[in-house]
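1. Return a 3D structure for these sequence lines:
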Amino acid sequence: MIGIEGLENLGLHIILSKLDPNDTAKVCCVNKKFKDWASDDSFWAIYCSNHLNLSSPIDPFGNHVPSFKVAYQLWREAFSMYPWTLVIRVKKCWDTLKSWLDSSFPEALSTLRRGASEEELNEVEKSLKIKLPLPTRLLYRLHDGQEFSNDLLGLIGGYTLYDHVVNVRLLPIKQVIIMSKHLTKDIGFSSKSKYVSVAASLIRNDKIFSLNCANNQLYVGTANLREDGEMMACIPKALLTCNGNEQSDGLLLWLEEHGRRLKSGMITVREEDGWNMICQFPEKPPLCTTAVTNGVQVRASSMLIPEQSEFGGSGFLYAYSVRMSLLPEGCNIHGMTFDSCQLQSRHWIIRENEVVKGDVNAEAVIGKYPFLRPGEKEFVYQSCTTQQNNHGSIEGSFTFVPGRLAAPKGDPFKVEVARFELAMPDYIF
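-> Okay, here's the model as predicted:
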């Protein structure tokens, strides 16, 4: 029988590699041999990688330190007042967002501020007379929102709809205090209100997201926000639960879902009004539909516009984005191939709860007659419609002519627009 003392180095290495950091620290107390092995930085490099996604030994402020073991200890000490599993989860959320920004939208990555201190977060709570949920405190400990600017570099992004421009960014805590106080005063909330504004678009039209620190839900203001405080919940209620020591709140769940959508390509960076921005119109199925007819591809998706919607009254406003392009092989009609085509008219069938409420035949789209060539950028346009209920759909077709309207090379042909839904989403951005 071989005792612990008789184990070869490889055996000890295998045993220690199966332990978590707490057990590894306990092993140090067994004897000097185990202490020496447990101090091997290769183990701590694994812990730093698995728990904190660190590829080099850095502290919570981004400073390089002598070893992974020191780095791990500094992270544990800096966040000792929080459940460690929650620290790991929040760090992963930020890492997902930052990794995508680094590769796809680096100019927005540079707007993220350094983390806030415990003292600064305590000042937020004191000033607003609220108690921030632990996940939100941790999110701000790692990054204190975004620097403010007049560009379209918001982490959440948004959309354009005619002259309505929305670009949502995370607020730094100084602005959190100012906006929360202004909103409470404007709306007339009680001084005991537990709402704190955490994200907003303030370009041309206000769109404000506020976290309710009492029930942990994230809300966005409707068209009636300043009139009567009307807001919509942004997160499925069932997800707002506490599991043991690990908590979820609306802001963390919202950012995690945003990260998943970015990573999957469901949403991406698009050019809007000459600026690059994260566009919230879905790019992939099932939220985005695609149809190809005679070489013309049409993609379409919709999203709720909460800041111009209301419960009752005019109802819910849905914007939809249509992207059309001519595939590389060109336009093929009755066996003949053409290297261009131009839109002439549109036909929309708009349904609400499966009842047709609109059957539209009209020329052009938003006053334009897109001219398509193979391999060129998609022609993209946005429009909108209202629904009294929370479910509807749009489908229809475009009529194109091969060549140009002024000099057609063949007969007009119809291009399908596959049905896309107008539905209240699980998550509102």
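
2. so how far is residue 281 from the residue most central in space within the chain?
-> Nearest to the mean C-alpha position of the chain, by CA atoms, centre = their mean, lies residue 258 at 2.5 Å. To residue 281, residue 258 is 14 Å away according to CB to CB, to the nearest Å. Placement of C-beta: from N, CA and C, glycine included.

3. before we move on, what about residue 88?
-> According to CB to CB, residue 88 and residue 281 sit 32 Å apart.

4. Neighbour count: the two, which is higher?
-> Between residue 88 and residue 281, counting by other CB atoms under 10 Å, residue 281 is the more crowded of the two (26 against 17).

5. Please verify my assumption that the more buried one contacts residue 267.
-> Yes - using CB atoms under 8 Å, residue 281 makes contact with residue 267 at a distance of 7.3 Å.

6. what's the helix or strand for the residue nearest to the centre of the chain?
-> helix 250-264 (DSSP states H and E).

7. The helix or strand following that helix: which residues count as buried?
-> The helix or strand immediately downstream of helix 250-264 is strand 268-272, counting by DSSP H and E. By 16 or more other CB atoms under 10 Å, the buried positions in strand 268-272 come out as 268-270, 272.

8. same question, stretch 94-106
-> Neighbour counts over stretch 94-106 (16+ other CB under 10 Å) mark 94, 96-98, 100-101, 104-105 as buried.

9. Could you point out which residue ranges in the stretch 151-300 of the chain have low pLDDT?
-> Across the stretch 151-300 of the chain, the ranges flagged by pLDDT under 70 are 190-191, 204-205, 242-246.

10. where do the strands sit along it?
-> Applying DSSP state E, counting those that start in this stretch to the stretch 151-300 of the chain gives strands spanning 157-161, 164-170, 195-201, 207-212, 218-221, 231-233, 242-243, 246-247, 268-272, 275-279, 288-293, 296-304.

11. Quick check: closest non-adjacent residue to residue 188.
-> Of all residues not flanking residue 188 in the chain, residue 229 sits nearest, at 7.4 Å (CB to CB, 6 or more residues apart in numbering).

12. who touches that neighbour in this structure?
-> The contact partners of residue 229, by CB atoms under 8 Å, 6 or more residues apart in numbering, come to 187-189.

13. which stretches of the stretch 301-429 of the chain form strands?
-> Using DSSP E, counting those that start in this stretch, the strands of the stretch 301-429 of the chain run over 316-326, 331-333, 336-338, 341-352, 355-363, 371-372, 379-387, 391-404, 407-408, 413-423.

14. Count the neighbours of residue 359 for me.
-> 11.

15. for the protein, longest helix please?
-> Secondary structure of the chain per DSSP state H: the longest helix is helix 84-104.

16. What mean pLDDT does it get?
-> Averaging pLDDT along helix 84-104 gives 97.

17. Going by neighbour count, list what's buried in the helix or strand following it.
-> Later in the chain than helix 84-104, the nearest helix or strand by DSSP H and E is helix 106-109. Within helix 106-109, the residues that count as buried by 16+ other CB under 10 Å are 108-109.
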